[in-house]
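*Asks:* One predicted model, sequence on top.
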Protein chains: 2
Amino acid sequence: MSQLSEIDYLQQQINSFLTNKLDQLTVNNEKLLAAMRYGLLIGGKRMRPYLAYITGKALNVESKDAQAIGAAIECIHAYSLLHDDLPAMDDDDLRRGQPTCHKAFDEATAILAGDSLQTLAFDIIANHTFSVYSQTKQVKLIQQLVNAAGYQGMCGGQAMDLAATDKAISLNDLEKLHALKTGALLEACVLMVAECAEQVTDTEKQQLAIFAQSIGLAYQVRDDIIDITSTDEELGKPSGSDVAANKSTYPALLGLQGAQEKAEQLYQQALQALTHLPYNTQTLSQFATFIIKRTS
Amino acid sequence: MSQLSEIDYLQQQINSFLTNKLDQLTVNNEKLLAAMRYGLLIGGKRMRPYLAYITGKALNVESKDAQAIGAAIECIHAYSLLHDDLPAMDDDDLRRGQPTCHKAFDEATAILAGDSLQTLAFDIIANHTFSVYSQTKQVKLIQQLVNAAGYQGMCGGQAMDLAATDKAISLNDLEKLHALKTGALLEACVLMVAECAEQVTDTEKQQLAIFAQSIGLAYQVRDDIIDITSTDEELGKPSGSDVAANKSTYPALLGLQGAQEKAEQLYQQALQALTHLPYNTQTLSQFATFIIKRTS
């Protein structure tokens, strides 16, 4: 299967996993459930579940375990988008070419749907029947999810992002911000799956972490580049919105060419990390290429 | 120790547990951490941790385990208050006589602080070193926390509450709403601690659940009564705010005397449930009395 069709296949798999999970919830409030469904299933590349899936393939982890991990992390990602889009945060009307959740529903419902999706992430890991070897790891997996999602991970990064608006920040601070805001969840995709593998050494985990951090940052640099070089239609939201929101970006700090060089350097760093791993990492390296070449 | 001084003592204990937990977080963003601290430590009766504590005493559960459970549930409760107070939700300026979190900080920070406090709840349970017997229960405890906090618990109840605003709802629907919005967390205090006990039968857990549900509902009925019979000063927020917000309340549905009778009936139901338990439940019954007699 080519990488693109494998991504399509995985998207279907993960969407049906998440749909099943939502279907199992007893109906208390249809509107809230509909908003959760909207936030979780309206689209998205499912990059995080895909990364979990291919890491699992490389490390010989049962695919159902990697799938649960990917689905949980996708719930955290989806909840963060619902809250980030709110008027008090980024105030975005469109997401993936569709009205944002608070536009399609209302603000209160979007806040609650985000809250419920965060809980759902922990629900998925705590209620998944892991394969025998991974069962004892369930608490450790929840610790990792906590670290990636909370104050010391994504939420902390989001707060740094808010603090950096309308203010010039250093390249170092921008990297730290993205390492938390975007990087922490991508790293969790890789390391949580590695936790379920039978024989992954700490050194190998470190290389996997470097790989994930590098593609996470490369993704963000690429995102900043795409934001200023694409049309509204290609983006599914207004282009140049980062600039309009006075956010520090890599092109703003390094120039467009400098940002492109930065992305290339991170790409090489990711590939380099993979060379230290005694597994078939071909799909992981193809994924790094996909991140760096993408145009939307 | 009298019940009041035991509550004071427990408040100090739980506050220092939560302070320690916050102090362990590496500083990414001081403003967000300050907002989390504000939301978690600004005050509050610590009713939930106290209930977890006295349940632990009755069932012979190690107090440090009951404390961790109470602290985690308090984090869920605190995050829900931060989000409920937002302009898009209840739009409250005061909480416990102090500016609400979004007034003391800003809306975006209050949203993120709430999000981070939810993660912190799972952090506490996943990272607590439970006593030997309870260790194997950690995943089960997280499942219980998920059920109490998420769509099928508190968040679902909050959505039902929003849907019920400006609309007359039946007594049955009002009870269902509160069973989720307030009751689910109180029930979790009791049942999560019971999960850590060595010999509690399923029948006993059912009675504990009835006890918790009854005092949860009694608490809410009492809250509705206090809202219309107290001054702003006694409440620390404007009195009659439920009526002003067009919320269905017990006094509105049953009249003031009917509501008082309802509270008394729930109180008796709670005491009745305790009689089925082969433990010293004196403090639990005192707690039920405290709930029903409270004036603020």
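*Replies:* The structure has been received and is ready for your questions. Note that this is a predicted model, so its numbers are computed, not measured.
*Asks:* give me the low-pLDDT residue ranges for chain A?
*Replies:* For chain A, the stretches with pLDDT under 70 are A:1-4, A:133-135, A:231-246.
*Asks:* which one's the longest helix in it?
*Replies:* In chain A, assigned by DSSP state H, the helix with the most residues is helix A:202-229.
*Asks:* gap between it and the chain center?
*Replies:* 11 Å (Cα atoms, centre = their mean, to the nearest Å).
*Asks:* can you pull the buried residues of it?
*Replies:* A:204-205, A:207-225, A:227-228 (16 or more other Cβ atoms under 10 Å in any protein chain shown). All C-beta spots, glycine's among them, are computed from the backbone N, C-alpha and C.
*Asks:* And stretch A:58-76, by the same measure?
*Replies:* For stretch A:58-76, the buried set under the neighbour-count rule, 16+ other Cβ under 10 Å, comprises A:58-59, A:61-62, A:65-76.
*Asks:* Could you confirm whether any residue of that stretch contacts chain B?
*Replies:* No - judged by Cβ under 8 Å from any Cβ of the partner chain, stretch A:58-76 and chain B are separated, with a smallest distance of 8.9 Å.
*Asks:* Does stretch A:117-126 reach chain B?
*Replies:* Yes - using Cβ under 8 Å from any Cβ, stretch A:117-126 reaches chain B at A:Q118, A:T119, A:L120, A:F122, A:D123, A:A126.
*Asks:* which element is the spatially most central residue of chain A on?
*Replies:* Nearest to the mean C-alpha position of chain A, counting by Cα atoms, centre = their mean, stands A:R48 at 4.8 Å. Assigned by DSSP states H and E, A:R48 belongs to helix A:47-59.
*Asks:* Quick one: work out the angle between whatever helix or strand comes next after that helix and helix B:63-84.
*Replies:* Later in the chain than helix A:47-59, the nearest helix or strand by DSSP H and E is helix A:63-84. Helix A:63-84 and helix B:63-84 are oriented at 50 degrees to each other (axes from the mean of the first three to the mean of the last three Cα atoms, to 10 degrees).
*Asks:* starting at the chain centroid, how far to helix A:63-84?
*Replies:* 8 Å.
*Asks:* cool, and stretch A:53-72?
*Replies:* 15 Å.
*Asks:* Equivalent analysis for stretch A:88-108, please.
*Replies:* For stretch A:88-108, the distance to the chain centre is 19 Å (Cα atoms, centre = their mean).
*Asks:* List of residues touching it?
*Replies:* The contact list for stretch A:88-108 (Cβ atoms under 8 Å, 6 or more residues apart in numbering or on different chains) reads A:31, A:34-35, A:38-39, A:42-44, A:81-87, A:109-110, A:113-114, A:158, A:162, A:236-238, A:241, A:245, B:86, B:88-89, B:106-108, B:111, B:162.
*Asks:* For that stretch, measure first residue to last.
*Replies:* End-to-end distance for stretch A:88-108: 12 Å, by Cα to Cα, to the nearest Å.
*Asks:* do stretch A:144-158 as well
*Replies:* 18 Å.
*Asks:* Show me what the longest helix of chain A is packed up against.
*Replies:* In terms of contacts (3 or more Cβ pairs under 8 Å, 6 or more residues apart in numbering or on different chains; DSSP states H and E), helix A:202-229 is packed against helix A:47-59, helix A:171-178, helix A:184-195, helix A:241-244, helix A:250-275, helix A:282-293.
*Asks:* my guess is A:A35 contacts A:A110, does it?
*Replies:* Yes - at 6.4 Å, A:A35 and A:A110 qualify as touching, with contact defined as Cβ atoms under 8 Å.
*Asks:* Between these two, tell me which one has more neighbours.
*Replies:* More crowded of A:A35 and A:A110, by other Cβ atoms under 10 Å in any protein chain shown: A:A35, with 27 against 24.
*Asks:* Leaving out the residues flanking it, which one is nearest to the more buried one?
*Replies:* Nearest non-adjacent residue to A:A35, counting by Cβ to Cβ, 6 or more residues apart in numbering or on different chains: A:A113, 3.8 Å away.
*Asks:* ok, that neighbour touching A:L41?
*Replies:* No - when contacts are counted by Cβ under 8 Å, A:A113 is not listed as touching A:L41 (11.9 Å).
*Asks:* So which of these two has more stuff around it?
*Replies:* With other Cβ under 10 Å as the criterion, A:A113 and A:L41 differ in neighbour count, and A:A113 comes out ahead with 30 against 14.
*Asks:* Quick check: which element contains the more buried one?
*Replies:* In this assignment (DSSP H and E), A:A113 forms part of helix A:107-127.
*Asks:* How far does that helix sit from its chain's centre?
*Replies:* Offset of helix A:107-127 from its chain centre (Cα atoms, centre = their mean): 16 Å.
*Asks:* still on that earlier bit, give me the buried entries from the contacts of stretch A:88-108.
*Replies:* Applying a neighbour-count criterion of 16+ other Cβ under 10 Å, the buried members of the contacts of stretch A:88-108 are A:31, A:35, A:38-39, A:42, A:44, A:81-87, A:109-110, A:113-114, A:158, A:162, A:237, A:241, B:86, B:88-89, B:107-108, B:111, B:162.
*Asks:* circling back: check the gap between the residue nearest to the centre of chain A and chain B for me.
*Replies:* Per Cβ to the nearest Cβ, to the nearest Å, A:R48 is found 17 Å from chain B.
*Asks:* Report the contact partners of that residue.
*Replies:* Going by Cβ under 8 Å, 6+ apart, A:R48 touches A:G70, A:I73, A:E74, A:H77, A:L185, A:L186, A:C189.
*Asks:* let's go with 10 Å and repeat that
*Replies:* A:R48 sits next to A:14, A:69-78, A:185-186, A:188-190 when contact means Cβ atoms under 10 Å, 6 or more residues apart in numbering or on different chains.
*Asks:* can you tell me which two in these are farthest apart?
*Replies:* Spatially, the most separated pair among these is A:A78 and A:V190, at 19.2 Å (Cβ to Cβ).
*Asks:* Could you check which of those two is surrounded by more residues?
*Replies:* A:V190 (29 against 25).
*Asks:* Pretty sure A:L253 sits against A:A168.
*Replies:* Yes - if you go by Cβ atoms under 10 Å, A:L253 and A:A168 touch, sitting 8.3 Å apart.
*Asks:* Spell out which residues are contacts of both of these two.
*Replies:* Joint contacts of A:L253 and A:A168 (Cβ under 10 Å, 6+ apart) are A:L174.
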